[in-house]
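# No sequence on hand, only this structure:
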């Protein structure tokens with residue numbers, strides 16, 4: 001399959017079902033499209049045909065939600081087989097997943113269950129070793145580096161011994177992976193922790209990361225219920241997230257950027273308008 005040329009100055013969008021036909025037919029000016037890998041593991045069908053068609057015009061970023069790389073029981077062999085096959089077929093510009101766990105045995109020696117969620121991991125040496133080993137196994141199989149995303153989390157462990165930014169930096173240094181920096185997640189976590197100044201908290205996180213570590217940035221909207229802030233990807237990017245994004249661009253340069261919108265998916269024009277706002281900020285960094 002011919003590999004579409006990347007447009008690093010243009011932000012990307014998530015390719016979601018309501019927009020399949022229009023994106024393929026109209027080919028709007030975006031830098032890349034992103035899909036959730038697991039939605040394309042079938043042997044054939046309409047969805048995979050659409051992805052093949054989109055791949056003729058755009059670079060594709062494969063973003064996974066099921067590798068569960070922080071799981072002590074390791075990576076599921078079937079999942080890794082399917083991902084390897086999809087990577088070979090699509091030749092994505094990037095492959096990513098999350099710093100989380102989801103797989104664990106029901107009891108010692110019992111069957112392993114998948115929680116179907118992105119569960120937070122402890123930020124300590126033991127957890128880092130597990131995550132590093134699993135990332136290395138996947139990278140060896142795919143023969144390419146992964147990008148690992150920082151998580152939005154609604155609980156924290158008392159036995160953390162490493163700050164999250166330090167934990168992720170060590171992961172990248174030891175495994176050779178890169179970081180997918182989700183700016184929205186930084187803001188969600190700071191708000192849920194009742195940080196006095198969430199923006200300064202996010203800036204401090206970004207400043208704790210070494211230059212060159214970030215391979216992609218995600219932007220999204222969050223839902224503030226007053227009791228808890230939910231990373232629902234169901235609305236426009238908020239002003240505080242835009243402000244944090246601009247700081248990330250100052251520190252890391254014009255990194256490929258994605259607009260995530262997964263629930264209450266709007267008309268394509270709304271999504272493209274959000275992408276254009278990111279593109280405008282990327283352009284200012286390129287001047």
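Noted; the coordinates are in hand. Remember, predicted model here, so these are calculated numbers, not experimental data.

# which residue packs closest to residue 159, ignoring adjacent ones?
Spatially, and ignoring its direct neighbours in sequence, residue 159 is nearest to residue 122 (5.9 Å; C-beta to C-beta, 6 or more residues apart in numbering). C-beta: built from backbone N, CA, C; applies to glycine.

# check contacts around the one you found.
Applying C-beta atoms under 8 Å, 6 or more residues apart in numbering, we find residue 122 in contact with 157, 159-160.

# Next, it: secondary structure please.
Secondary structure of residue 122, reduced to three states by DSSP: H, G, I helix; E, B strand; the rest coil: coil.

# now swap in the one 4 residues further on and tell me
Look at residue 126: counting by three-state DSSP, its state is helix.

# And residue 49, by the same measure?
Going by three-state DSSP, the state assigned to residue 49 is helix.

# Just give the number of residues close to it.
A total of 12 residues lie near residue 49 under the criterion other C-beta atoms under 10 Å.

# And it, how far from residue 43?
Note on residue 49: its distance to residue 43, by C-beta to C-beta, to the nearest Å, is 12 Å.

# and what of residue 170?
In this view, residue 170 and residue 43 are 39 Å apart by C-beta to C-beta.

# who's more crowded, the two?
Set side by side, residue 170 and residue 43 give different neighbour counts by other C-beta under 10 Å, the larger being at residue 170 (16 against 7).

# returning to what we had before: out of the contacts of residue 122, who has the most neighbours?
When neighbours are counted as other C-beta under 10 Å, the busiest of the contacts of residue 122 turns out to be residue 160, with 15 neighbours.

# Could you pull up phi and psi at that one?
Backbone geometry at residue 160, expressed as degrees, to the nearest 10, gives phi -60, psi 130.

# residues near the residue lying closest to it once chain neighbours are set aside, how many?
In space, not counting the residues next to it along the chain, residue 160 is nearest to residue 123; the distance is 4.3 Å by C-beta to C-beta, 6+ apart. With neighbours defined by other C-beta under 10 Å, the count for residue 123 comes to 22.

# I'd assumed residue 165 was in contact with residue 123.
No: counting by C-beta atoms under 8 Å, no contact exists between residue 123 and residue 165, whose distance comes to 9.6 Å.

# What residues sit buried inside stretch 85-98?
By neighbour count with 16 or more other C-beta atoms under 10 Å, stretch 85-98 contains the buried residues 86-87, 90, 92-98.

# any idea which of those residues is closest to residue 272?
Top of the list for closeness to residue 272, among those and by C-beta to C-beta, is residue 93 at 19.5 Å.

# Give me the nearest residue to residue 10, chain neighbours excluded.
Spatial nearest neighbour of residue 10, excluding adjacent residues (C-beta to C-beta, 6+ apart): residue 31 at 3.4 Å.

# Can you tell me how far the one you found is from residue 272?
According to C-beta to C-beta, residue 31 and residue 272 sit 12 Å apart.

# now do residue 147
Counting by C-beta to C-beta, the gap from residue 147 to residue 272 is 24 Å.

# Test for you: state the pLDDT assigned to the residue nearest to residue 159.
For residue 122, the model assigns a pLDDT of 92.

# the bottom helix or strand of this structure by mean pLDDT?
strand 101-105 (a mean of 66; mean pLDDT, DSSP states H and E).

# Validate this expectation: residue 132 resides in a helix.
Yes: when the secondary structure is assigned by three-state DSSP, residue 132 falls within a helix.

# I figured it was touching residue 173, is that so?
No: using C-beta under 8 Å, residue 132 and residue 173 do not qualify as a contacting pair, with a distance of 9.5 Å.
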